[in-house]
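Asks: Got a predicted structure here, sequence first:
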2 protein chains.
Amino acid sequence: MIKMELPDKIPFDTSLPVVTDLINRSLLQSEKTIANMMRHLSASKGKQYRAQLLLAAAADGDGFVSKDALTTAAAIEILHLATLVHDDVIDNSSTRRGRQSVQSRFGKKPAVICGDYLFCKCFLMMADISKRYQDRFLDVAQGMAKICMGELRQYEHNRDTSLSVMEYLRIISGKTAALFSLSLYAGGVLGGSEEKDIRLLTWLGFYIGMIFQLEDDCMDYRSDLATAGKNVQKDITEGVVTLPLIFAIAKKPQIRSQLQNFSLSPEDYQAIISEVCSLGGVDMTLDMADRYYGKAVKVLDRLSDNKKRTLLRPILEKVKLRNY
Amino acid sequence: MIKMELPDKIPFDTSLPVVTDLINRSLLQSEKTIANMMRHLSASKGKQYRAQLLLAAAADGDGFVSKDALTTAAAIEILHLATLVHDDVIDNSSTRRGRQSVQSRFGKKPAVICGDYLFCKCFLMMADISKRYQDRFLDVAQGMAKICMGELRQYEHNRDTSLSVMEYLRIISGKTAALFSLSLYAGGVLGGSEEKDIRLLTWLGFYIGMIFQLEDDCMDYRSDLATAGKNVQKDITEGVVTLPLIFAIAKKPQIRSQLQNFSLSPEDYQAIISEVCSLGGVDMTLDMADRYYGKAVKVLDRLSDNKKRTLLRPILEKVKLRNY
């Protein structure tokens, strides 16, 4: 593996493209066998919120981030990529980030291996860093186990229209919030925060992750958002039960039997989606996201580090408002 | 996670059941969602050669192994289990260790998550230990990446009857030998071996892994071995091209076109298997295994540690002769 020469530290403002570059180099330096899948993956990138958050939390008083923070941000995004690749196998999704998913383009079996390989890549990147933060590695491993369990729970509840709000929040706290939480935790550790701030950052990550997922759930029910990269109607057609639907079913249980009909047309789905909206499913979910936003702001304000607060705030706002 | 109280060290001779117990506890302490799959997995255990080798290499002069060695041996077996669960998804295998495979019993999607979960379990177990052996973690991560690449290469060459002997050896060196190598490497490190011995152990693991895989390949072609747990004809019917077949095709290229017929009956496969045997495919593969055995013995004899030599030798012999 050719090592990329990184400066010891760089300004936060210029750090995200460096992380993107690190990710791409890491993917494209892969062995020939896996190169096609890696090229496919590197051609589309998400918003990299997890990396952004990690970097902001890792910034020092002058707004600089260390080499270790850059590498860890790249590793976290690669870990995220690994879970997406396996998710698409599990949900049988054909698209991802506006492009064909790995499983649809290359097949399910190569996608399983591709995900495993990305997990390994992530560990390779972290291995070197973990030397300097030995006591923290267990937390990272535990965070990953949580993410995995969240996935499993979601799968188990596929098409489960009797899912409760609490159960649903538990699923997404593992599936999504755990990785956001891990990102900010790692940022805090790498940025040399004191224990109290690290704990606050970990909670902040959790809340941001919850907001992110709830906003994401709503996007699926907003046909006006059928824009680049976003696959509207995806959840409902794949049997993924999310909060807008749960709220709507609570108000009108008949929706449940409508969904049990397995030969629904896109128009039928559209009708259900419209009904979920008119029953307030989306609004109630956005209210829930607002409550997490309130908690996030409170935790953020308690951070003792002024610089980190200043850098994290706009990212929180972006996550909250990303679709509007 | 309830921690199992382990003594600081125990005699090598009594260590394997302790590792089995550790594995089972780790699997059965899983969350409810995954408990059924874990119970299924814990009910059938393999011969645990990787754990045996690790423990033997980790033994001190009095033949005692440390707590860390016991935990790492369990972690390595869980890692192995993770790869088996994903392998069965990739190869679409219905049986494993004489029982239904996870993918066949619970479905492909839960099996993907199950494997991911086992990877996480393995990391959780290693995380605590890695603190004390920080410089070594990178090697472990690299070993895992190798295993992953081996899997991918094997998949890419599925039904590739033009695979060369060299290419095949390269595949299995990743797919199988890398984990054996990693086990003995870890054993050496945990047992406090000097660098020279750690290098020798790493090579020894590689050779033993090659022997293991080549013997395994031969079993598939020996119908007299259709005994408990062994799925004779499995490789060839799943399109997995192994060394006996490669050697046979080199002697009689017509076999290639026979295999291209996709509607082969079990009798057709049996006829091809008999032909592979009569062309000497199995014997030549066993000769190749013998060559690795010769190398393994040489490396073993060069180990400066007498106790480890004494403990490792019988395991090498068992791997070599396990089927006869």
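Replies: Cool, got the structure. Residues are numbered from 1 along each chain as shown, chains lettered A, B, ... in the order given.
Asks: hey, let's count contacts and neighbours off CA atoms from now on
Replies: Noted.
Asks: can you map out the strands along chain A?
Replies: Taking DSSP state E as the test, the strands found in chain A are A:9-11, A:64-66, A:95-96, A:99-100.
Asks: which of those strands sits most buried?
Replies: A comparison of the strands of chain A by mean neighbour count, using mean count of other CA atoms under 10 Å in any protein chain shown, puts strand A:64-66 on top with a mean of 23.
Asks: Find me the pLDDT at the residue of the stretch 151-300 of chain A found nearest chain B, would you?
Replies: At 6.2 Å from chain B, residue A:152 is the closest residue in the stretch 151-300 of chain A, using CA to the nearest CA. Note on residue A:152: pLDDT of 72.
Asks: Of the strands of chain A, which is nearest chain B?
Replies: strand A:95-96 (17.6 Å).
Asks: before we move on, the earlier item: so the residue of the stretch 151-300 of chain A closest to chain B makes contact with residue B:33?
Replies: Yes. The criterion here is CA atoms under 8 Å, and residue A:152 meets it with residue B:33 at 7.2 Å.
Asks: Looking at those two, which one has more neighbours?
Replies: Remark: of residue A:152 and residue B:33, residue A:152 carries more neighbours, 27 against 13, as counted by other CA atoms under 10 Å in any protein chain shown.
Asks: In space, what's closest to that one - neighbours in sequence excluded?
Replies: residue B:113 (6.2 Å; CA to CA, 6 or more residues apart in numbering or on different chains).
Asks: residue contacts, the residue nearest the centre of chain A?
Replies: Residue closest to the mean C-alpha point of chain A, counted by CA atoms, centre = their mean, is residue A:176 at 5.2 Å. Neighbour list for residue A:176: A:147, A:150, A:209, A:210, A:213 [criterion: CA atoms under 8 Å, 6 or more residues apart in numbering or on different chains].
Asks: so what's residue A:62 scoring on pLDDT?
Replies: Looking at residue A:62, the pLDDT reads 94.
Asks: Tally up the residues packed near the residue nearest to it when sequence neighbours are not counted, please.
Replies: Once flanking residues are discounted, residue A:62 sits nearest to residue A:307: 7.6 Å by CA to CA, 6+ apart. Number of residues near residue A:307 (other CA under 10 Å) recorded here: 16.
Asks: wait, what's in contact with residue A:273?
Replies: Residue A:273 touches A:221, A:233, counting by CA under 8 Å, 6+ apart.
Asks: can you pull the contacts of residue A:107?
Replies: Applying CA under 8 Å, 6+ apart, no residues qualify as near residue A:107.
Asks: Would you mind naming the residues that bridge with residue A:100?
Replies: residue A:95 (DSSP bridges).
Asks: just checking, it touches residue A:94?
Replies: Yes. Between residue A:100 and residue A:94 there is a contact under CA under 8 Å: 5.8 Å.
Asks: separation between residue A:126 and residue A:10?
Replies: As judged by CA to CA, to the nearest Å, residue A:126 and residue A:10 stand 19 Å apart.
Asks: what sits against the residue lying closest to residue A:9 once chain neighbours are set aside?
Replies: In this structure, residue A:9 finds its nearest non-sequential neighbour in residue A:66, 4.3 Å apart by CA to CA, 6+ apart. Counting by CA under 8 Å, 6+ apart, residue A:66 makes contact with A:8, A:9, A:10, A:58, A:59, A:190, A:191.
Asks: In helices only, show me those.
Replies: A:58, A:190 (DSSP state H).
Asks: List only buried entries from the contacts of residue A:66.
Replies: With neighbours counted using 16 or more other CA atoms under 10 Å in any protein chain shown, the contacts of residue A:66 contain these buried positions: A:9, A:10, A:58, A:59, A:190, A:191.
Asks: with these in mind, which one is nearest to residue A:263?
Replies: The closest of the buried ones among the contacts of residue A:66 to residue A:263 turns out to be residue A:58 (CA to CA; 50.1 Å).
Asks: The closest one contacts residue A:68, doesn't it?
Replies: No. Residue A:58 is beyond contact range of residue A:68, at 9.5 Å (criterion: CA under 8 Å).
Asks: Overlap of the contact sets of these two?
Replies: residue A:190.
Asks: about what we covered before: could you report the pLDDT at the residue nearest to residue A:9?
Replies: 96.
Asks: tell me how far the lowest-mean-pLDDT helix or strand in chain A is from the chain's mean position?
Replies: Ranked by mean pLDDT, DSSP states H and E, the helix or strand of chain A with the weakest confidence is helix A:137-156, at a mean of 75. Relative to its parent chain, helix A:137-156 has a centroid offset of 13 Å by CA atoms, centre = their mean, to the nearest Å.
Asks: Stretch A:247-265 too?
Replies: 28 Å.
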